[in-house]
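S.K.: dropping the sequence and predicted coords here.
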Amino acid sequence: MGFQSSIISAMEYSISGDARLTLDLALTLRHDGQGGVTDDLATPTGLTTWVEAHADTLPAATGLTADATTLAAVTDLRAAVRALFAQAVRPGEPSPADAARLLPVPEALERLNATAALTPTVPVLLWAPAADPVVRHESATGGEPLTAVLARAAIAFLASPDRQRLRACHAPRCVRYFLKEHPRQEWCKPSCGNRARVARHHERHKQPTLQPSAR
Ligand SMILES: [Zn+2]
């Protein structure tokens, strides 16, 4: 207890599986390295690759070969998730990647809930040795659509205290959402902090040269 342990717990923010999966889904819309935005889920092949890379958190989707219908369902769900991320980071600004075309929140909620409702679920208690028990909601009928699994993870994350650590990074050119790993974290990663500091430095040193011509 006390000061020391509160510092340690603050430095040891962990990230739940639901938070990681939801964040990873949102981050498929990302900076392209040249000032624009690229989409890892632009094609069914892109979705198949993304699911393969998440085999540990999406065991039900193992071996999925995505088609256009699955892709559309997942990107529709992602739009709902990103709209709710934008809501979660308020009063901060949302990621600039899609700030101008966000779904209205009621529509995003309706879409997310409808997607999660595609499969009836049952609560399952998991209790690994030396860990806290966790409840996981699993399909009551066996197979279930990928989108239902993703929607359930998003609901669990957005309703959890983890949501309060969600931020959009506003370093130059960055469009990422991230979970703060310590209370004063402002940027998604150190390289973004460096770019932001360089940009501020240039901003400060630009002012004096502008003033004489303004006379
Ligand atoms: Zn960043």
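M.R.: Yes, it's here.
S.K.: number of nearby residues for Pro172?
M.R.: Pro172 has 11 neighbours, counted by other CB atoms under 10 Å. For the C-beta atoms, the positions are set from N, CA and C on the backbone; glycine is no exception.
S.K.: need the CA coordinates for the one helix or strand Asp24 maps to. CSV is fine.
M.R.: Per DSSP states H and E: Asp24 is located in helix 17-26. Listed next in CSV are the C-alpha coordinates belonging to helix 17-26 (Å, rounded to 0.1, in the frame of the first residue of the first chain):
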residue,chain,number,x,y,z
GLY,A,17,-6.8,-8.8,-24.5
ASP,A,18,-10.0,-7.0,-25.3
ALA,A,19,-8.3,-3.6,-25.3
ARG,A,20,-5.4,-4.9,-27.4
LEU,A,21,-7.7,-6.5,-30.0
THR,A,22,-10.0,-3.4,-30.3
LEU,A,23,-7.0,-1.1,-30.5
ASP,A,24,-5.4,-3.3,-33.2
LEU,A,25,-8.6,-3.2,-35.2
ALA,A,26,-8.8,0.6,-35.0
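S.K.: for that helix, which positions count as buried?
M.R.: Buried residues in helix 17-26, counted by 16 or more other CB atoms under 10 Å: Asp18, Ala19, Arg20, Leu21, Thr22, Leu23, Asp24, Leu25, Ala26.
S.K.: also stretch 90-108?
M.R.: So stretch 90-108, judged by 16+ other CB under 10 Å, has buried residues Pro94, Ser95, Ala97, Asp98, Leu102, Leu103, Ala108.
S.K.: for the spatially most central residue of the chain, what are its contacts?
M.R.: When CA atoms, centre = their mean is applied to the chain, the residue found nearest the centroid is Leu23 (2.3 Å). Neighbouring residues of Leu23 by CB atoms under 8 Å, 6 or more residues apart in numbering: Ile15, Phe157, Tyr177, Phe178, Leu179.
S.K.: neighbours around the residue nearest to the first one when sequence neighbours are not counted, how many?
M.R.: Using CB to CB, 6 or more residues apart in numbering and skipping the chain neighbours, the partner closest in space to Ile15 is Leu179 (5.9 Å). Burial measure for Leu179: 20 neighbouring residues, criterion other CB under 10 Å.
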